Every structure is written in C-alpha cells, then in structure tokens.
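K.L.:
build me a model from this:
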Amino acid sequence: MEVLPLVALVAGSAVVAGAARWTRVSAPLLLVAAGLMASYVPGVPSYALDPHIVLPLLLPPLLYTAAVDSSYLDLRANMRPVAMLSVGYVLFATVAVGYVAYLAVPGLTLPVALVLGAVIAPPDAVAATAIARKLGLPNRITTILQGESLVNDATAITAYKVALAAAVGVSAGWAGGIAEFLLASVGGVGVGLVLMVPIHHLRKRLREPLLQNTLSLLIPFVAYAAAERVHASGVLAVVVVALYLGHRNWQVDFATRLQEEAVWRMIAFILESVVFALIGLQLPVVLKGLGEYEGWHAATYALVVFVAVVVARFVWVFPATFLPRLSERIREREPDTNWKSPVIVGWAGMRGVVSLAIAFSVPISVPHRNLILFLTFTTVIGTLVVQGLTLPPLIRLLRLPQRDVQAETLAEAQAQSEASRAAEDRLAELLAEPENALAPPLAERLRTVMERRRNAVWERLGEVNAVTGESADDVYRRLAREMIASEREVFVTLRDQRRIDDEMLRSLLRRLDLEEAAAYREDVA
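P.N.:
The predicted structure is shown next:
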C-alpha cells in the first residue's frame, strides 16, 4: 500500500474515533459506519485486509494491551465461565453455524461450511473491550467478556485450520484435529510461561525508560512469533505473557510505567480505530466475485447465517450458565448469577476484524471462497451494528446493578490510609538514623505530601461545593492547575525575553508538567 492512503486511513480513523467521544454512539460503530460510507466515495483506494499483516502485526499488540489491563485475579476467579465461552462456545458455534450454512446454501459442502463456522465463531476482543468500557457493565460481566475474547481467537484459528484441512482433502481425522488443538493450546500456554519470567526479569533490570518501552513494544510480537514458530498458538502466548506482566507491573520503575501507559494508550487508540474503519472499507472487496450468489440469494444466506450466529450463542450461554450450578460448590462460588447476566453475555457477541482476517486467508482454491468472505463480512457488520446499537438500551431495560462508586472510593480511601500509616512509620525510622538527617522544613514537606495523598481520597467522599458542584479535592486540583498555568506563562515570557534559553524552559516546564500530572491524576482518561 502506498504511503498517502495509509496516512489517510490512520488520520481519518483517528478523527472519527475522536468525534465518537462527543456522541452517545460507541467508537467501533461509528468507525464501521464511516468505513462503509467511505467505500462508496469515488477515488477511495481499495483497503483489502491482508491476513499476513492483521494476524501477526495488528492482533498481538491489541491482545497485549487488553490482557495487560485485565485482572489476572478476576480472570482466575471466573475461569469456568471464561473457558466455557472461549473454548466450548467457539467449538459449538463452529459446528452449529457451519451446519446451518450447509443446509441453507445449495452446493456448499459440509467441510467448507465448517470453515465458515470457524471463521465467524469468535467474538472480537477489541469490540468486546470497547463496548464494555463504554457501557460501564458490572465488573463480573466485563471480566467474562474480556477473558473470552482474549482466548477464543486461539480456539477459532485452530478449528479453522482443522476444517480447512478437511475442505481441501488433507484432513488427518478427529485424532489429528484433537492433536493439533492440544499442540496449539498447550504449546501456546507453554511458550508464554517460558517467556514471561525472563522478560519480566529484564524489565526490572533495565533502568532506562526508553529501553524499557522499546522492549515493551517488542514483547507481543516476540511472544506471538516464538509460539507460531513451533506451531503453537501465538494468541495464547501473548495473553499469558501480558497477564503475568500486568499482574507484576508494580515492580517496574515508575518512569517506565508512566511512559509505557501513554505509549500503549496511543497505540491502542490508533490500532482500534484503524481496525474498525477497515471493516467497513471491505465492502467493495467482498462484493466482488459473488457470481451465482449475487442478489437476494446472497442477502437471504447472510440473514440466515446472522440469525444462526445470534441464536447459537444463546443456545450455548444459558445451559453453560445454569447447568453447572447444579453443583453446590459452583453455587457457593457464583452466588449472584441470575438470568439477566447471560442475556447480556449472549447479546454481546460482536464479531470483528479477526474473523475477516481469517476469511481473507482462505486459499483461492477453496470452493465458495467469495461467499465465505461475503457471509463473514455481513455477520461482522450485522453483529456490530444490530447488537452494538441495541446493547445499551437492553442494559438499561434490564436495570443491571451499576458500579457502586461510593463504595469503591471508600475502599480506595481505606487502602490509602493503611499505606500512608506504613509510610509514616517508615519515615520515622529513616529520620531517626544519623545518615538521614534532614532539615525540619524538608522533613515537614515529606509529611505534608503524604498527608495530602491520604486526605485526597477521603475528600471525594465529602460534601460538594454548593456553587460549582465540585468536591474539595476537585477545587484543590483546579486551583493547583491555575497556579501552575500562571507559572508556565511566566517561564515562556522569560524565554521570549531571552532571560532563559529553550533548554532551561523545557526543564522548568517538565517539572511543572509532573506536578500537574500529580494533581490532576487519572481524570484526563
């Protein structure tokens, strides 16, 4: 692809994703719609998805960012429902949707239909994370959806390879299929387990944030490539490494964490935006070569497959949720399960770019390849638009319990209070040692900073300002930023008057930036 179309794609995607923040429509839906409209604009180049780019170059960083931000402890606590969806449901959907397509489409052989089923079986990691983040779903549902979407790609890709082998006549039978699945899954986890400890050790040893961030950018690609090299699942290798590193991220230098968060947030924003825009832009590509399936026949088949995908998820989700609860131990471990949660999980099965990338990797020699592309595209668009648009009102209709912000703030305040007491005790021990002698004003400054940290969270639980509606903490941060802005203006004026040079200005501004970041915290997210 030429440079200008690529730049236009990235820039246009970023603009649309930025505009989505001002609307009630989630960014994935707006980006897909924009891509569909742009595909009809004369002069827009063809952006055909290349599986050799999407799978090894786009999928690893997207999975890595999602897994690093996931909670290992929450995923472990919800391992049963996550496994039931990421493995059991994907295999079930492969067979169920494939068989429906086999019955509905004349001339479609069962092995080719199973290829289609495997292609559109896995819900999309990026779509699930983006929708859950936008809607503020309960923590357990969000964890289950994220956990499913992190692992299910590995199951789907393996199922696709087995079905494809059968479609081209080189199948090794059920035994060969099971062996390949075990190699991919166990091998992928094994590669992740082998890599995660030395990578984390290296991250702790490196003291230069720039080198640390360079390593961070390479990690998902190294894990993916290493696993694929031994014919294991690169997806699982990336997820295992990312979960481990995210769980132990506190052991890395603070400067690295600050830079790393900013770098990965930017990368995730760009890649997610481009991925969803690319989905919409595939329309001209998938409409080519439908041949005998053009017209209302293709539309009918698309509708049948879409309905099969939606129904198959509910057929699996409800029994998988309630049948295991016949066990008393599972009922004790999952006491709050009701019918509303599986409704949301069942309706949240949006498909995405991974399905399209796998579909584009189907060899030209496979019969009905263009139909597979078309049905995959219509299913992806259908789930993103239909389910994505109706999920928010469905959640409001079901009146799911919202996150208790007051309780979360109270827990944060109590945690900060315990940490501050430990810091006070440690400061007293250090100041009692002769080598740590410190002037009283400086020692008092340390205590003041610590006290400020402890009080900041409690102040968010207090009364709000009657005029502005702000908490005391909000007012403090706003005034601090106004003071910093005044200092910044003075520094720039002094630079313009040639009383300080640009190098000194940058040093002074960086100091102010760090102070402003400390005052403003995470509210810019």
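
K.L.:
tell me the contacts of the nearest residue to Gly352 once chain neighbours are set aside?
P.N.:
Closest residue to Gly352 apart from its sequence neighbours, by C-beta to C-beta, 6 or more residues apart in numbering: Asp124 at 2.6 Å. All C-beta atoms are positioned from the backbone trio N, CA, C, and that covers glycine. Asp124 sits next to 149, 350-355 when contact means C-beta atoms under 8 Å, 6 or more residues apart in numbering.

K.L.:
same check, this time on Thr390
P.N.:
For Thr390, the contact set (C-beta under 8 Å, 6+ apart) comprises Trp347.

K.L.:
swap in Ala517?
P.N.:
Per C-beta under 8 Å, 6+ apart, neighbours of Ala517: Leu258.

K.L.:
can you check Leu371 too?
P.N.:
Leu371 neighbours (C-beta under 8 Å, 6+ apart): 105, 108, 290, 293, 298, 301.

K.L.:
which pair of those spans the longest distance?
P.N.:
Maximum pairwise distance among the contacts of Leu371 (C-beta to C-beta): 13.5 Å, between Leu108 and Leu290.

K.L.:
more neighbours: which of the two?
P.N.:
Legend: neighbour count by other C-beta atoms under 10 Å for Leu108 and Leu290, higher for Leu108 (22 against 16).

K.L.:
coming back round to it: measure the residue nearest to Gly352 to Leu384 for me?
P.N.:
8 Å (C-beta to C-beta, to the nearest Å).

K.L.:
isn't Leu494 right up against Ile500?
P.N.:
Yes: counting by C-beta atoms under 8 Å, Ile500 is a contact partner of Leu494 at 4.9 Å.

K.L.:
which residues of the stretch 51-200 of the chain score low on pLDDT?
P.N.:
Low-confidence segments of the stretch 51-200 of the chain (pLDDT under 70): 125-136, 170-175.

K.L.:
how about the helices in it?
P.N.:
Secondary structure of the stretch 51-200 of the chain (DSSP state H, counting those that start in this stretch): helices located at 51-53, 59-68, 72-77, 79-83, 90-104, 110-119, 125-135, 139-167, 173-205.

K.L.:
and these as JSON lines, adding distance to Ile364 and mean neighbour count?
P.N.:
Formatted as JSON lines, those follow (distance: least, C-beta to C-beta, whole Å; neighbours: other C-beta atoms under 10 Å):
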{"stretch": "helix 51-53", "distance to Ile364": "13", "mean neighbour count": "13"}
{"stretch": "helix 59-68", "distance to Ile364": "23", "mean neighbour count": "24"}
{"stretch": "helix 72-77", "distance to Ile364": "39", "mean neighbour count": "14"}
{"stretch": "helix 79-83", "distance to Ile364": "36", "mean neighbour count": "17"}
{"stretch": "helix 90-104", "distance to Ile364": "20", "mean neighbour count": "21"}
{"stretch": "helix 110-119", "distance to Ile364": "13", "mean neighbour count": "27"}
{"stretch": "helix 125-135", "distance to Ile364": "28", "mean neighbour count": "23"}
{"stretch": "helix 139-167", "distance to Ile364": "13", "mean neighbour count": "24"}
{"stretch": "helix 173-205", "distance to Ile364": "23", "mean neighbour count": "16"}
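
K.L.:
for stretch 237-253, buried residues please.
P.N.:
For stretch 237-253, burial by neighbour count (16 or more other C-beta atoms under 10 Å) applies to 237-247, 252-253.

K.L.:
the host helix or strand of Ala262 packs against which elements?
P.N.:
Take DSSP states H and E as the rule and Ala262 turns out to sit in helix 254-281. Judged by 3 or more C-beta pairs under 8 Å, 6 or more residues apart in numbering; DSSP states H and E, helix 254-281 is in contact with helix 3-20, helix 27-38, helix 59-68, helix 125-135, helix 209-229, helix 353-360, helix 369-382.

K.L.:
any idea how far it is from the chain center?
P.N.:
Offset of helix 254-281 from its chain centre (C-alpha atoms, centre = their mean, to the nearest Å): 10 Å.

K.L.:
using PDB, write out every CA atom in the next helix or strand after that helix.
P.N.:
The first helix or strand that comes after helix 254-281 along the chain, using DSSP H and E, is helix 283-287. What follows is helix 283-287, C-alpha atoms only, in PDB (Å, rounded to 0.1, in the frame of the first residue of the first chain):
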ATOM      1  CA  LEU A 283     -17.400  -3.800   1.300                       C
ATOM      2  CA  PRO A 284     -16.200  -3.400  -2.300                       C
ATOM      3  CA  VAL A 285     -13.700  -6.300  -1.900                       C
ATOM      4  CA  VAL A 286     -16.300  -8.800  -0.600                       C
ATOM      5  CA  LEU A 287     -18.900  -7.900  -3.200                       C
END
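
K.L.:
identify all contacting residues around helix 283-287.
P.N.:
For helix 283-287, with C-beta under 8 Å, 6+ apart as the criterion, the contacting residues are 35-36, 39-40, 46-49, 370, 373-374, 376-377.

K.L.:
what's the following helix or strand after it?
P.N.:
helix 296-322.

K.L.:
state the mean pLDDT of stretch 427-443.
P.N.:
Average pLDDT, stretch 427-443: 84.

K.L.:
figure out how far that stretch is from the centre of its chain.
P.N.:
Put simply, stretch 427-443 sits 45 Å off its chain's centre (C-alpha atoms, centre = their mean).

K.L.:
buried sites along that stretch?
P.N.:
Leu427.

K.L.:
which other residues reach it?
P.N.:
So stretch 427-443 is in contact with 446-447, 450, going by C-beta under 8 Å, 6+ apart.

K.L.:
let's see 10 Å
P.N.:
Contacting residues not belonging to stretch 427-443 are listed as 444-447, 450 [C-beta atoms under 10 Å, 6 or more residues apart in numbering].

K.L.:
which of these sits closest to Leu278?
P.N.:
Met450 (48.9 Å).

K.L.:
follow-up on the earlier one: so which of the helices of the stretch 51-200 of the chain gets nearest Ala423?
P.N.:
Here helix 173-205 is closest among the helices of the stretch 51-200 of the chain (C-beta to C-beta), at 22.3 Å.

K.L.:
tell me what the closest one is packed against?
P.N.:
Secondary-structure packing of helix 173-205 (3 or more C-beta pairs under 10 Å, 6 or more residues apart in numbering; DSSP states H and E): helix 139-167, helix 209-229, helix 234-247, helix 254-281.

K.L.:
now Glu516, nearest residue through space, not along the chain?
P.N.:
Ile484 (5.1 Å).

K.L.:
how about that neighbour, phi and psi?
P.N.:
Per-residue torsions, Ile484: phi -60, psi -40 (degrees, to the nearest 10).

K.L.:
hmm, it is touching Leu508, no?
P.N.:
No: when contacts are counted by C-beta atoms under 10 Å, Ile484 is not listed as touching Leu508 (11.2 Å).

K.L.:
what's near enough to touch Ala167?
P.N.:
Ala167 neighbours (C-beta under 10 Å, 6+ apart): 109-116, 362-363, 365-368.

K.L.:
closest to Gly177 out of those?
P.N.:
Leu114 (10.7 Å).

K.L.:
so, low pLDDT: which residues of the stretch 251-400 of the chain?
P.N.:
For the stretch 251-400 of the chain, the stretches flagged by pLDDT under 70 are 289, 291-294, 335-336.

K.L.:
what residue in the protein is the furthest from its centre?
P.N.:
The outermost residue of the chain relative to its centre, with distances by C-alpha atoms, centre = their mean, is Pro434 at 50.3 Å.

K.L.:
spatially central residue in this structure, please.
P.N.:
Most central in the chain under C-alpha atoms, centre = their mean is Ala66, positioned 3.4 Å from the mean C-alpha point.

K.L.:
just checking, that residue touches Leu271?
P.N.:
No: using C-beta under 10 Å, Ala66 is not in contact with Leu271, being 11.0 Å away.

K.L.:
ok, Pro5 - contacts?
P.N.:
44-47.

K.L.:
now swap in Gly117 and tell me
P.N.:
Going by C-beta under 10 Å, 6+ apart, the list of residues near Gly117 reads 90-102, 110, 156, 159-160, 163, 305, 308-309, 312.
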